[in-house]
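In: The sequence and its predicted three-dimensional model are supplied below.
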Amino acid sequence: MSKVVHVAVGVIQDPHNRILLAKRPQELHQGGKWEFPGGKVEKLESTAEALIRELKEEVDLDVLDTEPLMEIHHDYGDKKVFLDIHWVTNFKGDAKGLEGQEICWVAKEQLTQYEFPEANKAILEKILS
Ligand SMILES: Nc1nc2c([nH]c(=O)n2[C@@H]2O[C@H](COP(=O)(O)OP(=O)(O)OP(=O)(O)O)[C@@H](O)[C@H]2O)c(=O)[nH]1
Ligand SMILES: [Mg+2]
């Protein structure tokens, strides 16, 4: 059995109630779809530490506060993931796609217009509920 990949995911919300999305590079797993920024939790790292590190590396934001949102286990067939998702409502900086990825701030009610990985359906439901 393949190992489960533990991923720290941030639903970053700005003061205008917009959410930050990033486009997954085409060549990666679930490439071409939109995601909430985040990445793998490394050995000896807590989820909070991984989230802070990944959001700095990927979108140049300094995370100041997080709040647990939900946890999702999903099996893509080719990969099993455990998404540990947090709200990020307090941060510093201007978002930039530091890895060359397209990013955009999207009003909550517009989120349904974007294509996400399958595991994200439950996150969307929660955000929009
Ligand atoms: N960051 C992020 N990953 C997600 C989301 N939804 C989702 O299913 N994933 C999955 O979580 C896994 C971890 O993504 P990742 O960016 O850290 O890792 P990666 O394997 O694509 O690349 P990497 O090894 O270069 O870090 C991927 O398989 C990705 O498809 C999401 O909203 N955000
Ligand atoms: Mg990532």
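Out: Here it is on my side, so go on. Ligands and ions are numbered 1, 2, ... in the order given.
In: all contacts plus neighbour counts: C-alpha atoms, from now on.
Out: OK.
In: when you scan stretch 93-105, is anything in it near ligand 2?
Out: No: using CA under 5 Å from the ion, no contact is recorded between stretch 93-105 and ligand 2, whose separation bottoms out at 9.6 Å.
In: buried ones in that stretch?
Out: When neighbours are counted by 16 or more other CA atoms under 10 Å, the buried residues of stretch 93-105 are found to be Ala95, Lys96, Gly97, Ile103, Trp105.
In: Would you reformat the residues you listed as JSON lines and include distance to Ser46?
Out: Output for these, formatted as JSON lines (distance: CA to CA, whole Å):
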{"residue": "Ala95", "distance to Ser46": "23"}
{"residue": "Lys96", "distance to Ser46": "24"}
{"residue": "Gly97", "distance to Ser46": "24"}
{"residue": "Ile103", "distance to Ser46": "26"}
{"residue": "Trp105", "distance to Ser46": "27"}
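In: how about the residues you listed, which pair is most distant?
Out: Maximum pairwise distance in the buried residues of stretch 93-105, criterion CA to CA, is 11.8 Å, between Gly97 and Trp105.
In: got the residues of the protein near ligand 2?
Out: Selection of the chain residues close to ligand 2 by CA under 5 Å from the ion yields Gly38, Gly39.
In: Residue ranges in the chain under the pLDDT threshold?
Out: Residue ranges of the chain with pLDDT under 70: 1.
In: Just give the nearest non-adjacent residue to the most centrally placed residue in it, would you?
Out: To find the centre residue of the chain, average its C-alpha atoms and take the closest one (CA atoms, centre = their mean): that gives Phe36, at 2.6 Å. With CA to CA, 6 or more residues apart in numbering as the criterion, Phe36 has its nearest non-adjacent residue at 5.2 Å, and that residue is Leu21.
In: That neighbour contacts Ala107, correct?
Out: No: assessed by CA atoms under 8 Å, Leu21 is found out of contact with Ala107, at 10.5 Å.
In: Mind listing residues that contact whichever strand or helix holds Arg53?
Out: Secondary structure from DSSP states H and E places Arg53 in helix 47-59. Contact with helix 47-59 is made by 7-10, 37-42, 61-63, 66, 84, 95-99, as judged by CA atoms under 8 Å, 6 or more residues apart in numbering.
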